[in-house]
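A.B. asks: my questions are about this predicted structure, shown below with the sequence.
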Amino acid sequence: MVIVATTVGVLPVFLLGGLAVQVRADLGLSETGLGLTVAMFFGASAVFSIPGGRYSERIGAERGILLGAVASFTCLLGIAVAARSLPILLLCVAVGGAGNGVTQPASNLALARYVRTGRHGVAFGLKQSSIPTATLLGGLAVPLVALTVGWRWAYAGGAMAAAALALWALSRPSSAVGPSKRPSAHHRGGLRSLVVLAIAGGLASAAANSLAAFLVLGGVSAGLTPGLAGITLSVGSAWGIAARLTLGWIADRRHGGALGMVTWLLVAGAAGFAALSSGVVPWLHVLGTLLGFGAGWGWPGLFNLAIVRSHPEAPAAATGVTQTGVYAGGVLGPPAFGLIVETASYRAAWLAAAAALLLAAGLIISQAQARARGAQLGTSR
């Protein structure tokens with residue numbers, strides 16, 4: 001249920017990334033308009049993430065997933081049937097983003113409650129693999145749906161999946177555990193640590209979501225056909241899925257160190273974005289896509305795993321805080337990327353995204369050093 005819920009939750013925005021050429025032609029969207037639409041989705045997710053996490057702990061993970069599924073269904077069906085202009089499209093994705101803001105912490109809560117600790121790495125890897133699955137579906141939707149029967153049918157199919165998820169969640173008993181707790185505010189520096197990690201997650205998310213939203217358009221602008229650009233997105237997404245599962249498996253066999261792994265992934269991802277900035281030099285484009293999806297967007301499972309391990313008393317509330325930063329990155333990243341493309345070039349935009357990943361890695365390193373100093377002070381006292 002968690003895998004399906006996470007996929008459906010982000011499907012509206014990542015379908016848009018894959019179908020961008022067709023949607024832009026139909027609705028008259030510019031790169032900035034596309035970025036604004038993606039920002040609206042993640043902005044709504046950011047607003048609902050913290051209350052969604054706390055409310056999910058109050059009503060249970062299953063009911064949180066149900067609420068998110070209903071919102072996703074409304075969004076997907078609305079886009080398929082009624083989105084004829086940018087304002088209506090923005091309204092629909094806002095509803096979908098609100099649902100996603102509830103779905104993500106509710107799903108984290110389900111994994112924390114039902115999966116034994118020694119399997120959390122694989123579990124969160126599977127859960128976060130649902131997001132590149134959505135981009136894979138978005139890429140496949142170009143040759144299979146958009147170029148055959150029309151892009152709206154892809155959203156109609158997503159709406160049917162959301163309806164099935166809602167019925168599935170409704171059939172399960174609630175696992176409510178009472179009022180949510182504050183995310184480790186009573187631990188020294190706990191909330192401050194979450195805020196720093198939320199900022200780092202936001203920077204990394206700004207780059208990763210720009211990759212999903214603009215890889216197809218960037219490839220087309222550099223000379224790829226729309227079909228080939230969509231297939232490239234699907235291949236990169238499949239590679240990202242494999243990377244998240246493998247990294248989760250490795251994390252289960254290590255004690256701690258999840259944030260250290262995240263740091264190295266961000267650095268490798270920055271190298272991938274730099275490779276994409278070269279344009280469509282075949283081997284560099286392939287390398288950039290693989291590093292971008294496998295490393296630059298392979299970190300969320302490990303990131304959530306680290307937060308849940310550090311805050312077992314309130315996993316939904318804690319990840320609600322960090323997910324707010326991640327969603328804020330989704331709000332600011334794609335519009336900024338689109339603006340850089342329109343005012344400068346895709347090359348400049350890819351390099352800016354690489355810089356954001358490096359800055360995120362620096363923040364995580366600084367936070368790890370601060371924790372180490374705090375631990376040393378605690379020991380000396």
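C.D. replies: Sure thing, it's come through. Residues are numbered from 1 along each chain as shown.
A.B. asks: verify the stated contact: Leu247 with Gly125.
C.D. replies: Yes: Leu247 lies in contact with Gly125 (CB atoms under 8 Å); the separation is 6.1 Å. The C-beta positions use only the backbone N, C-alpha and C, and glycine is treated the same way.
A.B. asks: any shared contact partners between those two?
C.D. replies: Taking CB atoms under 8 Å, 6 or more residues apart in numbering as the criterion, Leu247 and Gly125 both touch 301-302.
A.B. asks: so where do the helices sit in the protein?
C.D. replies: Assigned by DSSP state H, the chain shows helices spanning 2-18, 20-27, 31-59, 61-82, 86-114, 120-141, 152-170, 190-221, 226-252, 258-276, 282-294, 300-310, 315-343, 346-380.
A.B. asks: take these and write them to CSV, including mean neighbour count.
C.D. replies: Below are these laid out as CSV (neighbours: other CB atoms under 10 Å):
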stretch, mean neighbour count
helix 2-18, 26
helix 20-27, 18
helix 31-59, 24
helix 61-82, 24
helix 86-114, 25
helix 120-141, 25
helix 152-170, 19
helix 190-221, 25
helix 226-252, 21
helix 258-276, 22
helix 282-294, 20
helix 300-310, 25
helix 315-343, 25
helix 346-380, 17
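A.B. asks: mind putting those helices into a markdown table with mean pLDDT?
C.D. replies: A markdown table is the format used below for the helices of the chain (pLDDT from 0 to 100):
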| stretch | mean pLDDT |
| --- | --- |
| helix 2-18 | 87 |
| helix 20-27 | 83 |
| helix 31-59 | 86 |
| helix 61-82 | 94 |
| helix 86-114 | 92 |
| helix 120-141 | 80 |
| helix 152-170 | 92 |
| helix 190-221 | 86 |
| helix 226-252 | 84 |
| helix 258-276 | 92 |
| helix 282-294 | 84 |
| helix 300-310 | 88 |
| helix 315-343 | 87 |
| helix 346-380 | 81 |
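A.B. asks: look up how far Pro335 lies from the closest residue to Val93 other than its chain neighbours.
C.D. replies: In space, Val93 comes closest to Phe41 once its chain neighbours are excluded; the distance is 4.4 Å by CB to CB, 6 or more residues apart in numbering. From Phe41 over to Pro335 the distance is 12 Å, taken as CB to CB, to the nearest Å.
A.B. asks: quick one: residues contacting the closest residue to Leu165 other than its chain neighbours.
C.D. replies: Nearest residue to Leu165, sequence neighbours excluded (CB to CB, 6+ apart): Ala69, at 4.3 Å. Listed by CB under 8 Å, 6+ apart, the contact partners of Ala69 are 5, 8, 99, 103, 162-163, 165-166, 169.
A.B. asks: change it to 6 Å
C.D. replies: 162, 165-166, 169 (CB atoms under 6 Å, 6 or more residues apart in numbering).
A.B. asks: tell me the contacts of the closest residue in space to Ser210 that isn't next to it in sequence?
C.D. replies: Distances taken as CB to CB, 6+ apart place Phe337 nearest to Ser210, at 3.9 Å, with adjacent residues excluded. Going by CB under 6 Å, 6+ apart, Phe337 touches 210, 214, 349.
A.B. asks: His208 reaches Trp297, doesn't it?
C.D. replies: Quick fix: residue 208 reads Ala, not His. Yes: using CB atoms under 6 Å, Ala208 makes contact with Trp297 at a distance of 4.1 Å.
A.B. asks: ok, the contacts of Phe337 vs Arg116, which is closest?
C.D. replies: Ser210 (36.2 Å; CB to CB).
A.B. asks: could you measure from the closest one over to Phe73?
C.D. replies: 27 Å.
A.B. asks: same thing with Ala360?
C.D. replies: Distance from Ala360 to Phe73, by CB to CB: 33 Å.
A.B. asks: what do you get for Pro300?
C.D. replies: In terms of CB to CB, Pro300 sits 24 Å off from Phe73.
A.B. asks: just give the closest residue to the residue most central in space within the chain, not the sequence neighbours.
C.D. replies: The chain has Ile131 as the residue nearest its centroid, 6.0 Å off, counting by CA atoms, centre = their mean. Nearest-residue entry for Ile131: Val10, 5.3 Å, with adjacent residues in sequence omitted and distances by CB to CB, 6+ apart.
A.B. asks: mind listing what the one you found touches?
C.D. replies: Val10 neighbours (CB under 6 Å, 6+ apart): 100, 131, 134.
A.B. asks: kindly recompute the last result at 10 Å.
C.D. replies: The neighbours of Val10, taking CB atoms under 10 Å, 6 or more residues apart in numbering as the test, are 41-42, 45, 72, 96-97, 100, 103-104, 130-135, 138, 209, 212, 330.
A.B. asks: what does Ala270 give?
C.D. replies: Ala270 neighbours (CB under 10 Å, 6+ apart): 204, 207, 291-292, 295-296, 351, 353-361.
A.B. asks: of these, which is the nearest to Leu34?
C.D. replies: Of these, the one sitting nearest to Leu34 (CB to CB) turns out to be Ala353, at 15.5 Å.
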